[in-house]
Each structure stands twice: as C-alpha cells, then as structure tokens.
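In: following is a predicted model, sequence given first.
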Amino acid sequence: MSSTKRIMGDMNTLLDKTVIVKLSNGRSYSGLLSSYELNPFIIGLANAKDNENNVYYKVFINGLMISEVIVKSPPLFDVREFAEMLQKTLGLRQGDVKLYEEAGVITVMEKIKVSESGVEGSGPMAQRIYDLYNDYIAKKKKGDVK
C-alpha cells in the first residue's frame, strides 16, 4: 500500500474523532476532525477550542502551519482486525471478505457492508455479523480486544 493511501486510511479513521492540532507558531486547537485534504494539506475541525479557550464552530487550518496532529485515544473499530476476525469466526473464504482499508470498509460476500458506523445488509448472515460487531465494539470499549 502506498504511503498516501496509508495516510488517507489513518485520516479517515480519525474523522469525527477529537484531535489536537499544534501549529508551528505555538497555537493549538482541539476539536472534532470534520474534514481534511491531502493536497494541499488542510484540516477542518468542528467545535474547536484554541489554547486560549476561545471556542469556534469551524476552523480550517493550513497544513503548512501544522507541526503535530495528536490523537488521545484510538478509534474503537479496527477494520483490518475485524475483517480477520470475521473470516476466522464465520469460516469464510478469503475472497468472501474484502477489505477497503483506506475507506474503512469491509464487504462480506459483496452483500454486507461493515464500517465504523455499523453493519448494512439483511438476512441471517447480516444478523450474525451485526451480533459479532456489537460484541466486538463492547469488548473494545472494555479493553478486552487488542
């Protein structure tokens, strides 16, 4: 996987998560990562607060000013980990589970879609995956899954 796709995948997992953006001029902002662009690099934060406790509905930050992007807690849903778990738990063939890491999406038998948002699809297999997903997220919240 190219480094650009890897960065996009990492950034996609951070969307709607709280991040701290430190700037080269000493300022910093914390807020929900609402959008980003890689070329040119721009980050959009929603409900942002700066280091002087000023609150802003939206802040767009020029990537040339960014020195660090800090994430305090990892996302609960690890798309690769869950895809591997699905394949093992359900005894599916490798081609039945397709991983789109940069998008944060898994498809199962081209009928069921799984992402951080949940499970989309219907039928007995979708219900089984939905149950596994809920169990996985509950365990992640407790810290029971790696």
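Out: Yep, that arrived.
In: now do the buried residues in the lowest-mean-pLDDT helix or strand in the chain.
Out: Least confident element among the helices and strands of the chain, by mean pLDDT, DSSP states H and E: helix 3-14 (a mean of 81). For helix 3-14, burial by neighbour count (16 or more other Cβ atoms under 10 Å) applies to 8, 9, 11, 12, 13, 14. C-beta here means a position set from N, CA and C on the backbone, and glycine is covered the same way.
In: output the contacting helices and strands for it.
Out: Packing partners of helix 3-14 (3 or more Cβ pairs under 8 Å, 6 or more residues apart in numbering; DSSP states H and E): strand 28-38.
In: assumed residue 42 was part of a helix.
Out: No: with DSSP: H, G, I helix; E, B strand; the rest coil as the criterion, residue 42 is assigned strand and is not in a helix.
In: I'd assumed residue 36 was in contact with it.
Out: Yes: counting by Cβ atoms under 8 Å, residue 36 is a contact partner of residue 42 at 6.6 Å.
In: show me the contact partners of the least confident helix or strand of the chain.
Out: 1, 33, 36, 38, 71, 75, 77, 79, 101-104, 116 (Cβ atoms under 8 Å, 6 or more residues apart in numbering).
In: same check on stretch 120-140?
Out: So stretch 120-140 is contacted by 76-77, 82, 85-86, 89-90, 108-109, 111-114, 118-119, 145 (Cβ under 8 Å, 6+ apart).
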